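Chemist: turn this into a model:
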Amino acid sequence: MSYWLLMYCKVREERRAQQHLANLGFETYVPVLQKKITKAGKSKTCIELLFPRYLFLRVKSSNNLSQVRNTRGIRDFVRFGGKNAEVADSLIVQIMNQQMQMQQQLQKQQTFHRGDPVVLLEGPFAGFDAIYQAPSGDARSVILLSILQKQSSLVVNNESLTHKQ
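Modeler: This is a model prediction of the structure:
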């Protein structure tokens, strides 16, 4: 019979712990998302941990847990009342499904480039045409909007924009 335990890792050592545990023959799970971030006007893809410093470890009843605690990157077992925190298989499956859904949503997000014609979908300027200018953080963008023969910059949520057909 196998079950999952929750492990607490050293700072930014989740990958190292995962690799060393795999070398010992253990199955691990670290939920991550690939995310596009914009920094200094340049966008790049990075991997973000859903639960920083935590790792799920599948244990079979025959496994020796003393070698797990001394694995590089591992701080300790997560415990409640002196007992190791066991995680149900159904919860791991739910986390995996949620991770896939979140990844699909991130991939569906539209990418805009400077000068792209866009249309506002919501807010007081819904239906107005604009020109995409630049990203403003992860979820917002700067657009150029022409109103009353004057061009104005406006910061809006990316979900409020779509490409002009």
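
Chemist: for the rest of this, base every contact and every neighbour count on C-alpha atoms.
Modeler: Noted.

Chemist: give me the helices and strands touching the helix or strand hosting Val118, please.
Modeler: Using DSSP states H and E, Val118 maps to strand 117-120. Helices and strands touching strand 117-120, by 3 or more CA pairs under 8 Å, 6 or more residues apart in numbering; DSSP states H and E, are strand 129-135, strand 161-163.

Chemist: can I get the ones you listed in TSV including mean neighbour count?
Modeler: Output for the helices and strands packed on strand 117-120, formatted as TSV (neighbours: other CA atoms under 10 Å):
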stretch	mean neighbour count
strand 129-135	22
strand 161-163	19
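
Chemist: just put those strands in CSV and tack on distance to Ser61.
Modeler: As requested, the helices and strands packed on strand 117-120 are exported to CSV (distance: least, CA to CA, whole Å):
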stretch, distance to Ser61
strand 129-135, 51
strand 161-163, 53
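
Chemist: of those strands, which shows the lowest average pLDDT?
Modeler: For those, mean pLDDT drops lowest on strand 161-163, to a mean of 88.

Chemist: residues in contact with it?
Modeler: Residues outside strand 161-163 that contact it (CA atoms under 8 Å, 6 or more residues apart in numbering): Gln110, Phe112, Asp116, Pro117, Val118, Val119, Leu120, Leu121.

Chemist: what lines up beside that strand in the sheet?
Modeler: Strand pairing for strand 161-163, determined by DSSP bridges: strand 117-120 (antiparallel).

Chemist: how far away from the center of its chain is the partner strand?
Modeler: 27 Å (CA atoms, centre = their mean, to the nearest Å).

Chemist: with only the CA atoms kept, save it in CSV.
Modeler: Taking C-alpha atoms only, strand 117-120 is exported to CSV below (Å, rounded to 0.1, in the frame of the first residue of the first chain):
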residue,chain,number,x,y,z
PRO,A,117,-5.1,47.0,-33.0
VAL,A,118,-7.2,45.9,-30.0
VAL,A,119,-10.8,46.3,-28.8
LEU,A,120,-11.8,47.0,-25.2
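
Chemist: which parts of it are buried?
Modeler: Residues of strand 117-120 classed as buried by neighbour count (16 or more other CA atoms under 10 Å): Pro117, Val118, Val119, Leu120.

Chemist: please apply the same query to stretch 90-101.
Modeler: Those would be Met96, Gln99, for stretch 90-101 by 16+ other CA under 10 Å.
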